[in-house]
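K.L.:
Predicted coordinates and the sequence they were generated for:
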Amino acid sequence: MPAGYPNHSYAEIINNLTAMPYTVEGYSSEAALVIKSPVQGGSFSASIKHIKDDSLLISISPGLGIVAVRALVTKDSFFVHDRINKELGIGTINAMQRLLPLPADARSLYGAMLGVWLPETGPDWELSSGDSYYILKDDTRTLFIDPVFWRVVRYVENNEAGTLVEERTFSEFKDYDGFFLPRRLTFRRPGDDTSASLFHRKRTINPTSLSLDFNVSSSVKRVEF
């Protein structure tokens with residue numbers, strides 16, 4: 001454990017969470033993806049390209065290197081190109097949340113997929129500590145912070161009745177040139193019966209070229225979510 005634990009102040013914890021050796025403007029990844037939802041489920045290989053505060057492109061393959069589905073998430077829209085059935089699904093970010101338990105805005109989505117969750121400065125967080133973690137808590141949310149990597153390793157959100165609404169966990173951290181990022185990420189939303197688990201097998205931070213090509217033939221059938 002770092003010197004000073006468990007007596008860091010709230011300000012020191014926030015400073016450590018936000019202290020980064022460089023800015024991650026984007027990344028690419030080859031990953032293993034497990035999805036569970038009422039409309040989709042299974043284990044897949046995934047190729048990911050993500051640009052900060054912009055767009056996320058995921059190409060999903062069930063095996064043999066054949067891309068079956070491509071999904072594009074922009075700041076306000078969600079597109080799914082089903083290459084097998086030759087359909088392009090078009091919907092809002094809220095429509096995406098019915099399929100995947102992911103944040104609904106571009107900034108939160110980028111941080112969640114990267115594995116860097118930073119608490120906003122607005123609410124009054126209650127600070128406590130356990131054997132291994134600092135804990136920040138407000139009325140409905142709880143953050144567990146690992147003081148070794150200075151990263152949020154678990155996020156829990158409950159409703160006012162105390163029922164679990166959403167959970168995110170970040171684990172298996174790796175050092176990327178002094179910047180610690182989790183290789184395994186899990187997202188759960190029990191009320192919607194959705195979950196997703198992502199394991200980055202290989203990830204490139206700030207690649208020299210990051211193109212999000214999502215061209216879809218005009219002959220592909222368009223459907224709305």
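P.N.:
Cool, got the structure. Just so you know, these numbers come straight off a predicted model, no measurement behind them.

K.L.:
From here on, just use CA atoms for contacts and neighbour counts.
P.N.:
OK.

K.L.:
So the most centrally placed residue in the chain: helix, strand or coil?
P.N.:
The C-alpha lying nearest the average C-alpha coordinate of the chain belongs to Met113 (CA atoms, centre = their mean; 2.5 Å). Secondary structure, DSSP: H, G, I helix; E, B strand; the rest coil: Met113 is helix.

K.L.:
Can you name the residues that contact it?
P.N.:
Neighbour list for Met113: Leu185 [criterion: CA atoms under 8 Å, 6 or more residues apart in numbering].

K.L.:
Same check on Arg201?
P.N.:
Arg201 neighbours (CA under 8 Å, 6+ apart): 29-32, 183.

K.L.:
at 10 Å instead, please
P.N.:
Listed by CA atoms under 10 Å, 6 or more residues apart in numbering, the contact partners of Arg201 are 29-32, 45-46, 183-184.

K.L.:
Which neighbouring elements make contact with the least confident helix or strand in the chain by mean pLDDT?
P.N.:
Sorted by mean pLDDT, DSSP states H and E, the helices and strands of the chain end with helix 93-97, the least confident at a mean of 73. When contacts are defined as 3 or more CA pairs under 10 Å, 6 or more residues apart in numbering; DSSP states H and E, helix 93-97 packs onto strand 69-73, strand 77-82.

K.L.:
got CSV for the ones you listed, with mean pLDDT too?
P.N.:
As requested, the helices and strands packed on helix 93-97 are arranged in CSV below (pLDDT from 0 to 100):
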stretch, mean pLDDT
strand 69-73, 90
strand 77-82, 90
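
K.L.:
right, and those - which one's nearest Glu126?
P.N.:
Closest to Glu126 of these is strand 69-73 (CA to CA; 33.9 Å).

K.L.:
Now find how far off-centre that closest one is within its chain.
P.N.:
15 Å (CA atoms, centre = their mean, to the nearest Å).

K.L.:
and that strand, which strands flank it?
P.N.:
strand 56-61 (antiparallel), strand 77-82 (antiparallel) (DSSP bridges).

K.L.:
Asp131: which of those strands is closest?
P.N.:
Closest approach to Asp131 among the strands paired with strand 69-73 is made by strand 56-61 (36.7 Å; CA to CA).

K.L.:
same question for that closest one, mean pLDDT?
P.N.:
Averaged across strand 56-61, pLDDT comes to 92.

K.L.:
How about residues contacting that strand?
P.N.:
26-33, 43-51, 66-75, 78-82, 106, 109-110, 113, 211-214.

K.L.:
Just the strands from this protein, written as ranges.
P.N.:
For the chain, the strands defined by DSSP state E occupy 26-36, 41-51, 56-61, 69-73, 77-82, 87-92, 126-129, 134-137, 141-146, 151-158, 164-176, 179-189, 194-205, 221-224.
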